[in-house]
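# After the sequence you'll find the predicted model.
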Amino acid sequence: MAVKTEAVGKEWPANTYEVGLEKIREFAGAVGADNPVHHDRAAAKSGGFRDVVAPPMFCVVYSAPAMGPAILDPEVGMNLATMLHGSQEFVWGEPVCVGDVITTAPSCKEIYEKDGKGFYVFETVSTNQDAAEVVRGTWTNIVRGV
């Protein structure tokens, strides 16, 4: 069974996420990000941020939900039973702070077959309420036995 490549270039509807203070604090605590800028408004503002700032990998909280429709799209044709997480890469822009409204738009960049495996490469672009890019993600999933 060969991979389907019709979805290359396809875009899915954007997902919106409003960043909350407690979500940042909880995430920072869970990943051991002890810097006060991730917990305290005064520390964040004295550090030059607009408000409490999210640790960089918080991007998964607001960008991963946008990937669901792409991965589950029948036109993409991924067999979830044999899918493996291949890799994630992020390029960060404007810091994400409490109160930001982040919009994440997913698209399919590449689908190819190699050594009996299907490689599915997606991109997410997340922007804040001021249209500033906060993170660009590359998500690669591998499907065995295509």
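Cool, the structure landed. Residues are numbered from 1 along each chain as shown.
# element containing the residue nearest the centre of the chain?
When the chain is reduced to its mean C-alpha position, the nearest residue by CA atoms, centre = their mean turns out to be S63, at 3.1 Å. When elements are defined using DSSP states H and E, S63 is found to belong to helix 59-72.
# Which other helices and strands does that helix contact?
Contact here means 3 or more CB pairs under 8 Å, 6 or more residues apart in numbering; DSSP states H and E; on that basis helix 59-72 packs against strand 15-18, strand 83-92, strand 101-114, strand 117-127, strand 133-144. Backbone N, C-alpha and C define where each C-beta goes, glycine included.
# how does it look with 7 Å?
Helices and strands in packing contact with helix 59-72 are listed as strand 15-18, strand 101-114, strand 117-127, strand 133-144; criterion 3 or more CB pairs under 7 Å, 6 or more residues apart in numbering; DSSP states H and E.
# OK, contacts around the residue nearest to the centre of the chain?
Applying CB atoms under 7 Å, 6 or more residues apart in numbering to S63 gives the contacts T104, T124, S126, V135, G137.
# how far away is the residue nearest to A105 when sequence neighbours are not counted from P106?
Of all residues beyond its chain neighbours, the one nearest A105 is A14 (4.2 Å), with distances taken as CB to CB, 6 or more residues apart in numbering. Remark: distance between A14 and P106 (CB to CB, to the nearest Å) = 8 Å.
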